[in-house]
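J.: coordinates only, sequence not included:
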């Protein structure tokens, strides 16, 4: 009975930790999207959901490769397919996450938001991985996309 209760408490703590992690990722994603839209106030900002899915898949693979200390894998199949029809510009950013301001500054310094072309779309993925002692690895993959002629 004691071990059952201990297991139940552990599972509850694990679930609470997981929910906090997901809410942090969603909050960072929302803040970055809002900032990009603010920086582009003169032009409508379109977000490409397919790109976001491919970017998220890619950064998850990158974090896994980093942990395994192996070579970074190629971008996801979704991104490779998208690259056949679109010109993609951007790069993954990896941080030891402590606060949001440096992340926002790094995304702004990419300059990708500065493209004022009407047809440009953007992709954004945020992935956070927790390590012992509350060390957080944050990946932000921000790209601009333009359909190939």
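T.: Perfect, I can see it now. Fair warning: this is a prediction, and the values are worked out from it, not measured in the lab. Residues are numbered from 1 along each chain as shown.

J.: what about the residue nearest in space to the middle of the chain, helix or strand, and which?
T.: Central residue of the chain (Cα atoms, centre = their mean): residue 126, 1.8 Å from the mean position. Residue 126 is located in strand 121-131, with elements delineated by DSSP states H and E.

J.: Check which helices and strands that strand is in contact with.
T.: Applying 3 or more Cβ pairs under 8 Å, 6 or more residues apart in numbering; DSSP states H and E, we find strand 121-131 packed against helix 2-39, strand 46-47, helix 49-68, strand 86-97, strand 135-147. Every C-beta, even on glycine, is put in place using the N, C-alpha and C of the backbone.

J.: strand partners of the shortest one, parallel vs antiparallel please.
T.: So that's strand 46-47. Partners of strand 46-47 in the sheet, by DSSP bridges, are strand 121-131 (parallel).

J.: for residue 127, what are its contacts?
T.: Applying Cβ atoms under 8 Å, 6 or more residues apart in numbering, one finds that residue 127 lies in contact with 25, 56, 59-60, 63, 138-139.

J.: Next, the contact list for the closest residue to residue 147 other than its chain neighbours, please.
T.: Excluding the flanking residues, the one nearest residue 147 by Cβ to Cβ, 6 or more residues apart in numbering is residue 86, at 5.6 Å. By Cβ under 8 Å, 6+ apart, the contact set of residue 86 is 121, 145-148.
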